[in-house]
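Colleague: need a 3D model of the following:
(chains A, B, C and D)
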There are 2 protein chains.
Amino acid sequence: MSTSTKDGYHHGDLRATLLTTAMEMLEQGEQFSLRAVARKAGVSPTAPYRHFADRDALESALAAQGLRDLNEDLIQGDAMPATVAELAELGVAYVDFALRRPALFRLMFGNACDDTNDDRVQAAAAVHETLARAVAAVFPEADLAAITIAGWGMVHGLASLHLDGKLASDSPDDVAKQVRSSFAAVFAARAGE
Amino acid sequence: MSTSTKDGYHHGDLRATLLTTAMEMLEQGEQFSLRAVARKAGVSPTAPYRHFADRDALESALAAQGLRDLNEDLIQGDAMPATVAELAELGVAYVDFALRRPALFRLMFGNACDDTNDDRVQAAAAVHETLARAVAAVFPEADLAAITIAGWGMVHGLASLHLDGKLASDSPDDVAKQVRSSFAAVFAARAGE
DNA sequence: TGCGGTATGTTTGCAGTGCTCACATGAGAG
DNA sequence: CTCTCATGTGAGCACTGCAAACATACCGCA
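Modeller: Residues are numbered from 1 along each chain as shown, chains lettered A, B, ... in the order given. Reported below is the predicted structural model:
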C-alpha cells in the first residue's frame, strides 16, 4: 500500500498529499505558505522541499492542475459551438471558473510564468487550443489566430476585471449576462460568416 | 522649508519620498517591501507606518498613481478616435503601459481591490470613463456599456496574457500588431456603424 | 520669548516566512 | 541481513509585516 496516509516516519505519498492540501487551502481562501501546507499535512516545515524545489515549484504544479481543470470546464459543453451564443457559453464557463476559484486563477495567470515546468506550459497550450477549436467551429473562414486571441483576451480580461472588482456585478448571473452581451456586442456582426 | 530632503531627525516630506522611492523600485523590478522602501529612503524600518496604515495602504496609493498615469497615457492621443483603427491605438497604449511597467500594473489590477481608498476607486473610474468616451466616439449608436466592457476586457486580457507570457510575442512591436489585429478582427464588421 | 503638545521618527521585539544544512529513519536492493 | 539512499526531521539564518514604548523637534499658545 503506497497510497496516502501512513503514520510512520515516511509518509508514503507526500507529494500528492501536499498538492491536494494546498489546493484545498486555495479553495478555502486561506492564505497559503509552504509551512502552512506542511503543517496542515501533518509534516515538518521543511518536508515539502523533498518534493518541490521551492515555493514557486509548488505553485507551478498547482497552476498546471488548475489549467487542466479549466480546460475540462471549457470542454464540458462537449459539442463544438456553432453559433456566437454557444461560443459565448465557453466565455461564461471561463469567467465562472475564475470567480469560483479566484486564488487558483491568480496562481495560474498572476505570475510571470517563466516556466521550465513542462506540465504547465502544456496545460496552458491545451487551453489555448480548446479555445482555438471553438472559434474555428464558429468562424471557419475567418482569421483564426486573430479572432482566437481577441476572444481569449476578452474573456480573460472580463474574468480579471471582475475578480478585482473593477466591474460592477451583483450576482454571478449578472456576470454571465455581461459576458454574453460582450460576445453579442462584439461578434454579432460576424455571426453569419 | 518643508520640502523634501532635510537631514535632521524629521524628514520633512517622507510620505512623498516613500511613494516615489517605492515607485522607482517597482519600475526597476526590485522586489519591494515596506522595510526595503524605508531602507532605500534612508529611514528606520517602521517609519512608513506613520504615513501608511500597512503595506496594503502603500500599495493602494501606488496603484492609484498608476491608474492616473495610465489614464494620461490613454488620453495622450488627445483627439477622440473616429475609426476602429484609432480606437485600437488606445488599446495599444493600454497594453504598452502594462508591458512597460509590469510590477505596477500587477499592483493596480492584481489584488482584490476591496478598497476604501477613494483615490484609487476614483482613478479606476476615470480610466473606465476614458475608455467609454472613446468607444462612444467610434460607435455612437451602439450599446455603449456592452461594447465598452467588451473592449476594456479584451485590452486588459491581452495585457495580462502578454504579461504572463501566455501569448507568443517577440518584440513590443509584435504585441502592438497583435492588439491592432485583435481590434480589426473583432470590430471590423461594425466599422461603418 | 519660553513652554508644552503632538506629529513624526527610532528602537526593540514578536511571530511568521522561505530556504539551507546537518542529521534521523526506514524501505527496498543486493 | 545489511547497506544505501530517498524521504523525513530539526535547528538556524535572513527576511518580512507589524505593534509598542520611547525620542525628537516643530508648532501654537501663553
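Colleague: check which helix or strand A:Ala112 maps to.
Modeller: Using DSSP states H and E, A:Ala112 falls within no helix or strand.
Colleague: and it, how many neighbours?
Modeller: Using other CB atoms under 10 Å in any protein chain shown, A:Ala112 is surrounded by 11 other residues. From N, CA and C alone the C-beta is placed, and that goes for glycine too.
Colleague: and it, what does it touch?
Modeller: By CB atoms under 8 Å, 6 or more residues apart in numbering or on different chains, the contact list for A:Ala112 reads B:163-165.
Colleague: surely A:Val43 touches A:Arg15?
Modeller: No. Judged on CB atoms under 8 Å, A:Val43 makes no contact with A:Arg15 at a distance of 11.3 Å.
Colleague: the two: who's more crowded?
Modeller: Higher neighbour count among A:Val43 and A:Arg15: A:Val43, with 17 against 13, using other CB under 10 Å.
Colleague: how about the contacts made by that one?
Modeller: Contacts of A:Val43 (CB under 8 Å, 6+ apart): A:11, A:14.
Colleague: quick check, it in a strand?
Modeller: No. According to DSSP: H, G, I helix; E, B strand; the rest coil, the state of A:Val43 is coil, so it is not within a strand.
Colleague: do I have it right that A:Ala146 meets B:Ser181?
Modeller: Yes. Between A:Ala146 and B:Ser181 there is a contact under CB under 8 Å: 4.4 Å.
Colleague: which residue ranges form the helices in chain A?
Modeller: Here chain A has its helices, by DSSP state H, at A:14-28, A:34-40, A:55-76, A:84-100, A:102-110, A:118-138, A:144-163, A:172-187.
Colleague: run a quick neighbour tally on A:Arg100.
Modeller: By other CB under 10 Å, neighbour count at A:Arg100 equals 12.
Colleague: excluding chain neighbours, what is closest to the residue in chain A that chain B sits nearest to?
Modeller: Closest approach of chain A to chain B (CB to the nearest CB) occurs at A:Gly157, with a separation of 2.9 Å. Spatial nearest neighbour of A:Gly157, excluding adjacent residues (CB to CB, 6 or more residues apart in numbering or on different chains): B:Gly157 at 2.9 Å.
Colleague: any regions of chain A where pLDDT drops low?
Modeller: Scanning chain A with the threshold set as pLDDT under 70 gives A:1-10, A:78, A:113-114, A:189-193.
Colleague: excluding its backbone neighbours, what's nearest A:Trp152?
Modeller: A:Leu131 (5.2 Å).
Colleague: for that neighbour, what are its contacts?
Modeller: A:74, A:90, A:148, A:151-152.
Colleague: for stretch A:75-88, buried residues please.
Modeller: By neighbour count with 16 or more other CB atoms under 10 Å in any protein chain shown, stretch A:75-88 contains the buried residues A:81, A:84, A:86-88.
Colleague: isn't the residue nearest to A:Gly157 up against A:Met154?
Modeller: Yes. When contacts are counted by CB under 8 Å, B:Gly157 is listed as touching A:Met154 (5.8 Å).
Colleague: A:Ala137 versus A:Leu131, what's the distance?
Modeller: Remark: distance between A:Leu131 and A:Ala137 (CB to CB, to the nearest Å) = 11 Å.
Colleague: for A:Leu104, same thing?
Modeller: Distance, A:Leu104 to A:Ala137, by CB to CB: 28 Å.
Colleague: who has more neighbours, those two?
Modeller: For A:Leu104 versus A:Ala137, neighbours defined as other CB under 10 Å are more numerous around A:Leu104 (22 against 15).
Colleague: how about the nearest residue to A:Val95, chain neighbours excluded?
Modeller: Nearest-residue entry for A:Val95: A:Ala159, 4.6 Å, with adjacent residues in sequence omitted and distances by CB to CB, 6+ apart.
Colleague: tell me who's in contact with A:Asp96.
Modeller: A:Asp96 is in contact with A:73, A:172, A:175-176, counting by CB under 8 Å, 6+ apart.
Colleague: could you do A:His51 as well?
Modeller: A:14-15, A:18.
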